[in-house]
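Asks: here is a sequence with its predicted model. Questions after.
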Amino acid sequence: LKRFKSEREIFEDLDTEKLVALPIKKGNTLYGSKLSPKGDKIAYLTNEDGKWKVNIYNTKTEENKIVLRGGFRTNTIKTDLMNPMIAWEPRGNKLTVIFEKRDKLFLRNYNLEEEKLEDIVPIRKFQNIYSFSYAENSKNLIMSAMKKGQIDIFKYYLPSTKVTQITNDFYDDLQPSYVK
């Protein structure tokens with residue numbers, strides 16, 4: 001079509017040599033990938049019939065590391081691809097994972113400098129968490145969560161688990177992000 005010819009010339013073709021092929025086993029579902037703030041690592045989630053893994057792929061060395069596993073394999077229960085959720089700390093030194101186990105929510109950090117998992121922190125203030133990201137620093141999370149049957153945006157202070165409700169409205173607030 002002639003009318004789209006000028007637009008086609010503006011856009012470049014996708015350079016397939018720059019794409020990163022993440023190592024995924026056959027039969028696994030890839031979801032929830034996040035690029036680190038430094039740009040050298042990709043955190044991604046894989047799921048095989050309910051059994052999930054949190055992976056970190058180093059784009060420079062092309063090494064893959066499984067940092068956390070959970071869930072159980074089942075053919076009878078539908079797989080929830082909202083569990084777990086991941087977010088990078090703003091400095092890129094930690095990967096935060098929020099996951100559900102036996103209908104309870106937990107938070108766990110993987111420290112990249114020490115290459116180890118930190119202690120599990122239970123999250124008792126919400127019925128469910130739909131999405132989260134870091135706020136202005138590495139001590140605050142912004143969450144879309146359900147409390148008393150209503151989905152709103154909350155600020156979650158990590159050291160003391162203090163919760164500040166940001167929105168209180170009729171609408172479902174999903175996928176929050178902090179903007180300076």
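Replies: Sure, I can see it. Numbers count the residues shown, from 1 in each chain.
Asks: ok, which stretches of this protein are strands?
Replies: Along the chain, the segments classed as strands by DSSP state E run 29-35, 41-48, 51-58, 63-71, 85-88, 94-101, 104-111, 116-117, 121-123, 128-134, 140-147, 150-157, 162-165.
Asks: which elements pack onto the first one?
Replies: Translated: strand 29-35. When contacts are defined as 3 or more C-beta pairs under 8 Å, 6 or more residues apart in numbering; DSSP states H and E, strand 29-35 sits against strand 41-48, strand 85-88. From N, CA and C alone the C-beta is placed, and that goes for glycine too.
Asks: got it, and the longest one?
Replies: The contact analysis (3+ C-beta pairs under 8 Å, 6+ apart) places strand 63-71 against strand 51-58, strand 94-101, strand 104-111.
Asks: ok, which of those comes nearest residue 125?
Replies: Residue 125 lies closest to strand 104-111 among the helices and strands packed on strand 63-71, at 8.9 Å (C-beta to C-beta).
Asks: what's the closest one in contact with?
Replies: 54, 56, 67-68, 89, 93-100, 116-124, 126, 128-129, 158 (C-beta atoms under 8 Å, 6 or more residues apart in numbering).
Asks: partners of it, with directions?
Replies: Strand 104-111 pairs in its sheet with strand 94-101 (antiparallel), strand 116-117 (antiparallel), strand 121-123 (antiparallel), by DSSP bridges.
Asks: quick one: contacts of the shortest one?
Replies: Residues external to strand 116-117 that are found in contact with it (C-beta under 8 Å, 6+ apart): 67-68, 108-111.
Asks: need the residues you listed in CSV with distance to residue 173 and pLDDT, can you?
Replies: CSV is the format used below for those (distance: C-beta to C-beta, whole Å; pLDDT from 0 to 100):
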residue, distance to residue 173, pLDDT
67, 29, 94
68, 27, 94
108, 25, 94
109, 25, 94
110, 27, 96
111, 30, 94
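Asks: what's the closest of the strands paired with strand 104-111 to residue 80?
Replies: Here strand 94-101 is closest among these (C-beta to C-beta), at 7.9 Å.
Asks: only the buried residues of that closest one, if you could.
Replies: Buried residues in strand 94-101, counted by 16 or more other C-beta atoms under 10 Å: 94-100.
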